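K.L.:
Curious how this folds, go ahead:
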Amino acid sequence: PRTEAAKKNRNYQQLVDALAEISPTVSRFFDGDDSVLVMDSNPDIKQNRLNLLGLLRNHARVLADFGPIVKG
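P.N.:
Numbering: from 1, shown residues only. A predicted model of the protein is given here:
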């Protein structure tokens with residue numbers, strides 16, 4: 001809903017704020033005490049985790065395509 005509201009109102013700062021708000025949760029997802037292995041050996045778990053990351057990517061793509069960014 002926040003992404004749709006940001007797009008509708010062309011208030012992209014709202015989306016930036018929402019993504020920043022979930023940043024600690026995403027960080028813990030990958031590198032924290034409760035981190036998970038996205039590419040789990042169980043195909044259902046793996047697909048669910050990839051779907052979750054895909055949702056985040058889709059919301060971030062409203063702002064820009066971050067795919068070309070390479071950490072050097």
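
K.L.:
Need the contact partners of stretch 4-15.
P.N.:
Contact with stretch 4-15 is made by 2-3, 18, 59, 62-63, as judged by Cβ atoms under 8 Å, 6 or more residues apart in numbering. From N, CA and C alone the C-beta is placed, and that goes for glycine too.

K.L.:
give me that answer again for 7 Å
P.N.:
Applying Cβ atoms under 7 Å, 6 or more residues apart in numbering, the external contacts of stretch 4-15 come out as 2-3, 62-63.

K.L.:
OK, contacts around F66?
P.N.:
Per Cβ under 7 Å, 6+ apart, neighbours of F66: A60.

K.L.:
so where does it fall, helix or strand?
P.N.:
Here F66 sits in a region with no helix or strand, counting by DSSP states H and E.

K.L.:
which intervals of the protein have sub-threshold pLDDT?
P.N.:
Low-confidence segments of the chain, defined by pLDDT under 70: 72.

K.L.:
Show the backbone phi and psi for M39.
P.N.:
phi -90, psi 60 (degrees, to the nearest 10).

K.L.:
Return the distance of it relative to N48.
P.N.:
Distance, M39 to N48, using Cβ to Cβ, to the nearest Å: 12 Å.

K.L.:
Alright, calling it a day.
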